[in-house]
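[1] pasting a predicted model and its sequence here:
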Amino acid sequence: MIKDFTPRPYDGENPLPTYVSNRRTYELIGTVASGYKITLARLTVGDSVSADTPLTHALFESFTDHGERMAIARTRVSGYDREFWAVKNVMQEVGIEFADNRGVTFYNSESSLEVLGEWFQGQNPDIVKIEVLTQIHP
């Protein structure tokens, strides 16, 4: 569960390295009652190998509940559950605070954004619907 989100200021681009493959991008979209859609977050996850060790890379682009661009962070992780840890770590880097590890309720990249969307809805009652769009990059 997400305890709080204090967006950090935008400080420029921080793209994933070009050698990262198998990229998947997830975008959290909020819709307000009038039908207007706003981007609330964007997460890109991909893979690489270094010294025969598989790595998962994560890039998180944060936004306010009004769609204003905020901090962008990236990380890479090896080992067990590396996608989970990469996503959790990069979300923390942009200012998302989790209640505790037992309260982490997402199991994959898409569900991490769904949990964040629920938090946004709780903070901003104007957001009536959330959805996660997924794009796989060749």
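    Okay, I see it.
[2] mind listing what the spatially most central residue of the chain touches?
    The centroid of the chain falls nearest to residue 43 when counting by C-alpha atoms, centre = their mean (4.0 Å). Taking C-beta atoms under 8 Å, 6 or more residues apart in numbering, we find residue 43 in contact with 25-28, 58-61, 87, 90, 109, 112-113. The way it works is simple: take the backbone N, C-alpha and C, and place the C-beta from them, glycine included.
[3] and of the residues you listed, the nearest to residue 39?
    residue 27 (6.3 Å; C-beta to C-beta).
[4] in its sheet, which strands sit next to the longest strand belonging to the chain, and in what direction?
    Longest strand in the chain by number of residues, with DSSP state E as the criterion: strand 37-50. In the sheet, strand 37-50 lines up against strand 21-32 (antiparallel), strand 53-63 (antiparallel) (DSSP bridges).
[5] which parts of the last one are buried?
    Within strand 53-63, the residues scored as buried using 16 or more other C-beta atoms under 10 Å are 55, 56, 57, 58, 59, 60, 61, 62, 63.
[6] give me the contacts around the very next helix or strand once past that strand.
    The helix or strand immediately downstream of strand 53-63 is strand 69-78, counting by DSSP states H and E. The contact list for strand 69-78, computed with C-beta under 8 Å, 6+ apart, reads 7-16, 48, 50, 53-64, 83, 85-86, 89-90, 93-95.
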